[in-house]
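Peer 1: Structure for the following, please:
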Amino acid sequence: MRKLHWVGTITLAVLVASSSLALQGQAQPATPTSATPKPAQPAKAGATTQPAKPAATSLGVTTDKITVPLRFDHYYTYEQVGEALRALHATYPQLTTIDVVGKSEEGRDIWAMTVNNPKTGAALDKPGVYVDGNIHGNEIQAGEVCLSLLNRLLTTYGQNEQMTKAVDRNAFYVIPSVNVDGRYHFFSDPNDPSSNRSFRIPKDDDHDGLIDEDPADDLDGDGNICTMRRKDPFGQYKTDPEDPRLMVRIKPGEKGEWTILGEEGIDNDGDGRVNEDGEGYVDGNRNWGINWAPPYVQAGSGDYPFEASGLRAIAKYLVDRPNIIVVFAFHNNGGMYLRGPSTKAEEPMNPADIGVYDIMGKNAEKIVPGYRYLVSWKDLYPTYGDFTDFTYNTVGAYSFVGELFVTETESYRPPPKPGAPAAPPPADVMDMMGGNNDRERERLKFNDYVTQGDLYRPWKAFKHPQFGEIEIGGWVKMSSRLPHPFMLTDLVHRNASAVLFAAAQTPSVTLDVLAPERVDADLYKVRVRVVNAGSIPSFTYNAIQRKIHPQDTLVVSGAGVKVIAGGKVSGMPIETVAYKPYRPEVQFLQVPGNGKIEFEFLVSGKGELTVAYQSLKAGKATKTVALQ
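Peer 2: Down below sits the predicted model:
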C-alpha cells in the first residue's frame, strides 16, 4: 500500500513558514483588496472596434439591504457574504463569533463564524462540526448552503427543539467562502459556468514566459463567456433539426455546417491560440498537504502543498480546533455526497468507520432527493491532495464532499405513465462532461418556459478580429452548474438539513459511577460506565489505527484514596477485567457510537472519589462519589 504523505501539526507549521518565505521571493501582480473596487482593465489591441458595453448584472443577485432572517431567493456576492455574517452576529452576539481566518492572494478576508452556546460549555469542550463551501470560485451556491445553515441554527434557536439541541450540544465552525477571490471575480467578471475555479496564483499555463496573459474575453459585453462558432462547410457539426440553437455531429458522408471555435476570446498574446492561459491554475481541492502529487500526476495541484495562502490559514484553523469530528465541504455539481478515500492506494478504509459514514451518507440520500452517496475514487475519479483526505487523516473527522445541484431537476417533460419503469439515475456527470442533445433540448425548453430565457443566450453575429464573421451564444455563467434562484431555497434547505442530521449523531457521552461495593475494611470495588448516545464514536477508528491524536482518558483520583487496580470490563455473561499493570488510575478508551464501555477499579481509603472523562472530540464529564 502506498504511504500517505503526512503534514501534521508540527510539519504544517514549518510548511506554512517556508511557504510564506517562498512567496516573498516571487513577483506578485498588484491586485485589489476587499475594500478596493477592481480597477478597469485597458482595452486589448485588436479585440474589436465595437463600443464596450457594461457587464450585465448577474442573474439572482440583489442590491437589497441584507437583513436577518436571511433570504435565499438570490445569491450573495463576496461582499454580501460578509454583510450577512455581520448581520447574524449583530442579531445573535451571545451565540456567535466572527474570525478572519486569513487573507487571500488578493488581500481579501476569509471569514469564519462559530456558533456555540457558552452557557452549555466552551466550544472546544463540545463536538465540532465544520462546514465550508466555494473552494472553487465558480461553485457559489456552496456559500449559500453555509449561510442557510447558520441562519437556521440562529433564527430558530429557542423555538425549535432539534435546532436548540444542535447548538447547545455542538460547536459549529462555518466558512461560507474558501476561495474568496474566486467568488468575487465570478460575480464581477465575465465567466462561463465552469471558469474562475482557481486560486489567484499566477501560472504560465502555455509555457511562454508570461503569466495569465490570455484569458477568455467577453467580446459582446454581456457579462458572460459563451461559445463561438463559425460557418464552415468542412466543419464537424450541423444545425440540430429539432432545435436550431443546438448542433449535432455530422455523420460520415454528410456536409458540415459549423466549426466550434471554443469559448469567447481572442489571441491576446499572438501565439496562434485562444484562451490558453487564464487565471491560475491551482485547484484548491488538489493542494492539501496529504497524498499530494505534482502537476504531471495531478492537474492543478500547484508547485507544492498549501501553495494557496487561504488553504494554509484554514489548515491552521482546523488544527487549532481539535474537537472537530464532522466535516462537510460543499461544491457543485452532480448531486453527490462523497466520502474518501480519494485514491485506490489509500484503501482499505477501516470498516468500522465505513459503518459510521453509511449512517450519515445513506440518510443524506433520503434528505436530498436525487443525490447519491458515493466513494470518491471508485464511483467518480481519483484525486490527490484532497481536502477531505486531509480532514479524515490529519484532523480525525468524518468528512464529506457535497456536490450540489442535479441538472435533471431542470425538467420539462410529461408525467410518467402509470406502471412505467423508473427513470434511470440522473446523468449529470455525463452532461457536465459533454452532454447529449436529448437532455440539452429539454434544458432549452426549461429555459424557455420555466425561466423565460434567463439561462441561454441565442446565437448572434459578431465580427471577430482573428476569425472574421462568427456567432456567439450558449449557456450563461449563472446556469448549468447553478440552480436558477427560484430553485435555490429548496437546495440550501435540504443540504443544510443533511449537515444537521450529522450534527445530531455526534458523540453524546455521559458518565455513570455505580455505587461503590465494600470489599474489605478500606477497600472498595468501583464500577464506571461511559455511555455514548450518539451514532458517531468519540473519535474515528482511523485515528486509533494511525495514532492521529491522543485517545480519550478516564482518570480516577481523590485526596484520601489510592487506586490499587483498574481495567476494562468485557465479556457477557461471564465478565472479565483486563487490569492495567501500570498507573491503573488512568485508562485510555474510545466510546463506540450508540454504545458503552465499562471499567472496574479497586480503590483503598476514605473520602471523595472523582472520576473524570476527557475527550478531544466528545467533551468532558465528571462524577464524584463518597467512599465511607
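
Peer 1: Can you get me a residue count around A84?
Peer 2: For A84, the count of nearby residues is 25 (other C-beta atoms under 10 Å). Heads up, the C-betas are built off the backbone N, CA and C, glycines and all.

Peer 1: same question, the one 10 residues further on
Peer 2: Q94 sits with 9 neighbouring residues when counted by other C-beta under 10 Å.

Peer 1: wait, what's in contact with it?
Peer 2: Contacts for Q94 (C-beta atoms under 8 Å, 6 or more residues apart in numbering) come out as 117-118.

Peer 1: Make residue 1 into 30 and carry on from there
Peer 2: In the new count, where the first residue is 30, that last one comes out as Q123.

Peer 1: Let me know the secondary structure of it.
Peer 2: Counting by DSSP: H, G, I helix; E, B strand; the rest coil, the backbone at Q123 sits in coil.

Peer 1: Look up how far R181 lies from it.
Peer 2: As judged by C-beta to C-beta, to the nearest Å, Q123 and R181 stand 17 Å apart.

Peer 1: do E168 as well
Peer 2: For E168 relative to R181 (C-beta to C-beta), the value is 21 Å.

Peer 1: ditto for D467
Peer 2: 38 Å.

Peer 1: the more surrounded of those two?
Peer 2: Shown here are D467 and R181; by other C-beta under 10 Å, R181 has more neighbours (21 against 9).

Peer 1: you'd agree the more buried one is in a helix?
Peer 2: Yes - applying three-state DSSP, one finds R181 inside a helix.

Peer 1: who's in contact with it?
Peer 2: 192, 522, 525, 529.

Peer 1: which residue ranges form the helices in the stretch 430-579 of the chain?
Peer 2: Taking DSSP state H, counting those that start in this stretch to define them, one finds helices in the stretch 430-579 of the chain at 457-462, 466-478, 514-532, 570-575.

Peer 1: remind me which residues of this structure are low pLDDT?
Peer 2: Along the chain, segments meeting pLDDT under 70 span 30-86, 451-465.

Peer 1: Provide the contact partners of stretch 184-192 at residue level.
Peer 2: Counting by C-beta under 8 Å, 6+ apart, 97-98, 121, 124, 146, 181-182, 193, 196, 529, 533 sit against stretch 184-192.

Peer 1: which one of those sits closest to T539?
Peer 2: Checking those against T539 with C-beta to C-beta, the nearest one is A533 at 16.3 Å.

Peer 1: The stretch 230-379 of the chain: strands as residue ranges?
Peer 2: Ranges of strands within the stretch 230-379 of the chain are 256-260, 266-268, 276-278, 287-292, 353-361, 365-368, based on DSSP state E, counting those that start in this stretch.

Peer 1: Please spell out which residues along the second one are buried.
Peer 2: When you say that, I think you mean strand 266-268. Buried positions in strand 266-268, judged by neighbour count with 16 or more other C-beta atoms under 10 Å: 266-267.

Peer 1: elements contacting it?
Peer 2: Packing contacts for strand 266-268, counted by 3 or more C-beta pairs under 8 Å, 6 or more residues apart in numbering; DSSP states H and E, involve strand 276-278, strand 287-292.
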